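# Structure for the following, please:
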Amino acid sequence: MRTCLSAALIVLVALLVPASAVAYWADRQLGDADRYTAAMSPLATNPAVQEVVVTQAGRALSGQIDAGPFQGGVDALLGEALRSFAGTPAYRTAWDAANRAAHTAFLEALTSGHGNAVTIDLAPVIAQVKGELVDDGVPFADRIPETHLSVKVMEYDNLGALRKGFRMLQIAGVWLPVLTLLLAVAAVAVAVRRRRAVLATGVGIAVGAVLLGIAVAVCRRLTLDDLPADIDRAAAGAVYDALTAFLRTTAWVVLVVGLATALTAWLTGRLRRTP
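Purely as a prediction, here's the structure:
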């Protein structure tokens, strides 16, 4: 009976390892503005992401300038200036500000219960870009009005369900990892042969880490396959990888811990048998 209970607890631990990692990630990574911004910050230098930002910003800024018959030339100059701007520290500052604003809007939508869309105000970014363009002498750049420019970054038909799921993950992020650890300890404590239980628990933890890695990879493929045709796949993949970097790192760390635990238990048993 004790052996069966220990085995059941080990299986449960293996299943809870990926769930615990995802819950902690949602609560402490996605739910924290500083960690979210830090995760997205390296994307400022990603070529695919830069190209998307330059294109979208160019369209937004061009729409704010009425240059008459010179519109084509102004648009070309804006594109060149934006590409040059994308390599500056000011761009990285603007990128971080935009991501912090997006995180605030996203979290507000998930916690306030209002609306099915997430929008961000690009006014601070537009103002900074305008200043850079004016300083560089780009024609008509001074005509860019410093007005609020709201951009829809997400629209979801059933955001209410997403809110409930996110809230559950936030709650689970506090206690689920602790519960998983306690169940691992219990699996060893109730076992008749504890050394074998330690070995099996280590293997179970390692299996859970593998499941986590597989889940991240499968979700990546499903997410990219489900994107609209006009979304740049390379940029979207870079964003997904940045957001899930914590989960991939966690999978490797937990895998090493699990295998090290199992190996230690196995070696201990071998040494005890050595005369």
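# C-alpha only now, for contacts and for neighbours.
OK.
# where in the stretch 101-250 of the chain is pLDDT low?
Judged by pLDDT under 70, the stretch 101-250 of the chain has its weakly predicted residues at 109, 112-126, 138-141, 145-163.
# Going along the chain, name the strands of it.
Assignment of strands within the stretch 101-250 of the chain using DSSP state E, counting those that start in this stretch yields the ranges 117-121, 150-155.
# Neighbours of residue 237, how many?
Using other C-alpha atoms under 10 Å, residue 237 is surrounded by 17 other residues.
# how long is stretch 52-72 from one end to the other?
20 Å (C-alpha to C-alpha, to the nearest Å).
# Once you drop chain neighbours, what's closest to residue 48?
residue 235 (4.9 Å; C-alpha to C-alpha, 6 or more residues apart in numbering).
# Pretty sure the one you found sits against residue 45.
No. With contact defined as C-alpha atoms under 8 Å, residue 235 does not reach residue 45; the gap is 11.5 Å.
# the more surrounded of these two?
residue 235 (19 against 14).
# who are the neighbours in contact with that one?
48, 49, 52 (C-alpha atoms under 8 Å, 6 or more residues apart in numbering).
# which residues of the chain fall in helices?
Along the chain, the stretches classed as helices by DSSP state H are 2-24, 33-40, 47-62, 71-85, 89-112, 123-135, 159-189, 194-225, 233-243, 245-273.
# and those helices as TSV, adding distance to residue 142?
What follows is the helices of the chain, written out as TSV (distance: least, C-alpha to C-alpha, whole Å):
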stretch	distance to residue 142
helix 2-24	46
helix 33-40	30
helix 47-62	11
helix 71-85	12
helix 89-112	18
helix 123-135	6
helix 159-189	39
helix 194-225	39
helix 233-243	31
helix 245-273	40
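# And the residue most central in space within the chain, how close does it get to residue 13?
By C-alpha atoms, centre = their mean, the chain has its centre lying nearest to residue 243, at 1.8 Å. Using C-alpha to C-alpha, residue 243 is found at 25 Å from residue 13.
# ditto for residue 82
From residue 82 to residue 13 the distance is 50 Å (C-alpha to C-alpha).
# where's residue 224 relative to residue 217, distance?
Distance from residue 224 to residue 217, by C-alpha to C-alpha: 11 Å.
# What residues does residue 50 make contact with?
Going by C-alpha under 8 Å, 6+ apart, residue 50 touches 43, 44, 86.
# Show the buried residues in those.
Burial by neighbour count, 16 or more other C-alpha atoms under 10 Å: within those this picks out 43, 44, 86.
# quick one, which of residue 82 and residue 13 is more surrounded?
residue 13 (28 against 22).
# Just to check, the more buried one is in contact with residue 184?
Yes. The pair residue 13 and residue 184 qualifies as a contact (C-alpha under 8 Å) at a distance of 6.2 Å.
# Common neighbours of the two, please.
Taking C-alpha under 8 Å, 6+ apart as the contact rule, the neighbours common to residue 13 and residue 184 are residue 201.
# Contacts only, for the residue lying closest to residue 264 once chain neighbours are set aside.
Nearest residue to residue 264, sequence neighbours excluded (C-alpha to C-alpha, 6+ apart): residue 199, at 7.8 Å. Counting by C-alpha under 8 Å, 6+ apart, residue 199 touches 261, 262, 263, 264, 265, 266.
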